[in-house]
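Give me coordinates for this.
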Amino acid sequence: MSDFPIQRFIQISKFDQSLMQSQRQIELLQQDVQQLEQQISVLKESLEKQKNSKLQLQKKVDQKELEMKALVQQENEKKRKLDMAQSVRETQSLFLEVEALKKEEYALEEDLLQAWHSFEIAKKQFEQAQSQYQEQSQYHVDAIEKKESDIQAIQRQIEDQKKEKEVLARDLPEEWLEKYAAMQSRVANPVVCVVNGQCSACFYTISVQDLARLNNRALIQCKDCYRFLYIESAL
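Numbers count the residues shown, from 1 in each chain. The predicted model follows:
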């Protein structure tokens, strides 16, 4: 049997090793993409929380301003009545009501100023977070695009290797290919070389007769692990 089919058979095994490595690279890149997408989601969620916090503080400011407006309207109404009062008793009563409303306004004004202060802080924090989100998310998006581009390049490489593998497999003994496929379903390296008279996968010692066959460019299976064996120097 000529050595050319054996060399092609060995090359098929090397192609499959390369394909597995390429597929592993794709899996790792896909994991990276998922992690980057999760990081974008975390950033978006954090930004959304700050946005909601800002909106809640803005609602508080609006509510306090409405309360202040209502108090001012009540005070003005009381003052109008005070100007029209016709008795001392009515005047005193309205005057006390106006003073009470003023006290409420002063207290509410402090709450309103504090609400405005908290809102302004939240607004600045949100603006800063929004800027950071845009910068960081864009960085992650660019990284995702780069990794997806790498995935596509590896996938194209895999397709090319599969085509080359098909060419190498042409006219090879069907028995070799069937046994190879069976071994490939169990181990990652169905074809290994003999090193120092031993199978380089399981270290089983090869008999003198089998070594002679291997040196005559034969392809045999290890009697222990059943991997295909070859001797590099004989090829």
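
What helix or strand is the spatially most central residue of the chain located in?
Among the residues of the chain, the one closest to the centroid is Gln35, at 2.1 Å (Cα atoms, centre = their mean). Taking DSSP states H and E as the definition, Gln35 sits inside helix 3-83.

list the helices and strands that helix packs on?
helix 88-169, helix 174-184, strand 191-195, strand 228-230 (3 or more Cβ pairs under 8 Å, 6 or more residues apart in numbering; DSSP states H and E). C-beta here means a position set from N, CA and C on the backbone, and glycine is covered the same way.

Now with 6 Å, please.
Applying 3 or more Cβ pairs under 6 Å, 6 or more residues apart in numbering; DSSP states H and E, we find helix 3-83 packed against helix 88-169.

so what does the helix it packs on touch, helix or strand wise?
Right, helix 88-169 is packed against helix 3-83 by 3+ Cβ pairs under 6 Å, 6+ apart.

Report the rounded mean pLDDT for the helix it packs on.
In this model, helix 3-83 has a mean pLDDT of 93.

switch to numbering from 32
Sounds good: first residue 32 from here, last item helix 34-114.

how big is the angle separating it from helix 205-215?
Angle, helix 34-114 to helix 205-215, by axes from the mean of the first three to the mean of the last three Cα atoms, to 10 degrees: 40 degrees.

Quickly list the domain ranges of the chain.
The chain breaks down by automatic domain parsing into domains covering 46-202, 209-265.

Which of those domains has the highest mean neighbour count?
domain 209-265 (a mean of 16; mean count of other Cβ atoms under 10 Å).

Report back the residue of the protein that's furthest from centre.
Ser118 (78.1 Å).

what's the distance between that one and Leu245?
127 Å (Cβ to Cβ, to the nearest Å).

again, but for Glu209
Glu209 is 21 Å from Leu245, by Cβ to Cβ.

now do Lys194
Counting by Cβ to Cβ, the gap from Lys194 to Leu245 is 30 Å.

Asp202 now?
22 Å.

same question, Gln188
Relative to Leu245, and taking Cβ to Cβ, Gln188 is found at 32 Å.

next one: Leu139
97 Å.

List the contacts of stretch 237-244.
225, 228, 251 (Cβ atoms under 6 Å, 6 or more residues apart in numbering).

which residues does the last one bridge with?
Applying DSSP bridges to Ile251 yields these beta-bridge partners: Leu260.

Repeat that for the first one.
Judged by DSSP bridges, the bridge partners of Val225 are Cys230.

check contacts around it.
Contacts for Val225 (Cβ under 6 Å, 6+ apart) come out as 237, 260, 262.
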